[in-house]
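Novice: I need the structure of the sequence given here:
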Amino acid sequence: MTEELTAEKFPYSKENEDMVTQNFWTKTKKFAGKIPFTKDAIAMYYCAVDAKTPLWAKGIAFGALAYFISPIDAIPDAILGLGFTDDAAVIAAGIKAISGQVTNEHKEKAEAFFNGEK
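Specialist: The predicted structure is shown next:
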């Protein structure tokens, strides 16, 4: 995915928020440590659920995270070696688009998750 994620292309969606808040941890715990962008996805999640995050950034974050947890992908996750490349591209683009909104606190919470402190 070479296209940039912008607020206009990913407006806030209650459906995306609901899907992410209901399913994010299940998929993340299943693949934590097995995919290199997990920590970024978790930091993005904490940014998305932070009340201080602007709605435009929540839209991008929830959109990218909804794509990550969705069972329907451009490249199915079950394909070894390639299955998460589309997810990684979407998460990377999302992080880039909202980089000013992902705070040290969000990153510290993601790190704490990996240290078993969640």
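Novice: going forward, measure contacts between C-alpha atoms and count neighbours the same way
Specialist: OK.
Novice: and S99, what pLDDT?
Specialist: Confidence per residue is given as pLDDT, and for S99 that number is 91.
Novice: apologies, that question was intended for T21.
Specialist: According to the per-residue confidence, T21 scores 92 in pLDDT.
Novice: any idea which element it lies in?
Specialist: Assigned by DSSP states H and E, T21 belongs to helix 14-31.
Novice: which residues sit against that helix?
Specialist: With contacts defined as CA atoms under 8 Å, 6 or more residues apart in numbering, helix 14-31 is touched by 38, 62-63, 65-66, 69.
Novice: among the residues you listed, name the ones in helices.
Specialist: Using DSSP state H to define helices, the subset of those located there is 38, 62-63, 65-66, 69.
Novice: kindly reformat the residues you listed as JSON lines containing pLDDT and distance to T53.
Specialist: Formatted as JSON lines, those follow (pLDDT from 0 to 100; distance: CA to CA, whole Å):
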{"residue": "T38", "pLDDT": "88", "distance to T53": "20"}
{"residue": "F62", "pLDDT": "96", "distance to T53": "12"}
{"residue": "G63", "pLDDT": "92", "distance to T53": "15"}
{"residue": "L65", "pLDDT": "94", "distance to T53": "15"}
{"residue": "A66", "pLDDT": "92", "distance to T53": "17"}
{"residue": "I69", "pLDDT": "85", "distance to T53": "21"}
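Novice: picking that back up, looking at the contacts of helix 14-31, which has the most residues close by?
Specialist: F62 (29 neighbours; other CA atoms under 10 Å).
Novice: wait, it touches A48, no?
Specialist: Yes: at 6.4 Å, F62 and A48 qualify as touching, with contact defined as CA atoms under 8 Å.
Novice: quick check: closest non-adjacent residue to V90.
Specialist: Among residues not flanking V90 along the chain, A64 sits closest, at 5.8 Å (CA to CA, 6 or more residues apart in numbering).
Novice: the contacts of helix 14-31 into CSV, with extra columns for distance to Y12?
Specialist: Compiled in CSV, these are given as follows (distance: CA to CA, whole Å):
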residue, distance to Y12
T38, 22
F62, 8
G63, 8
L65, 12
A66, 12
I69, 17
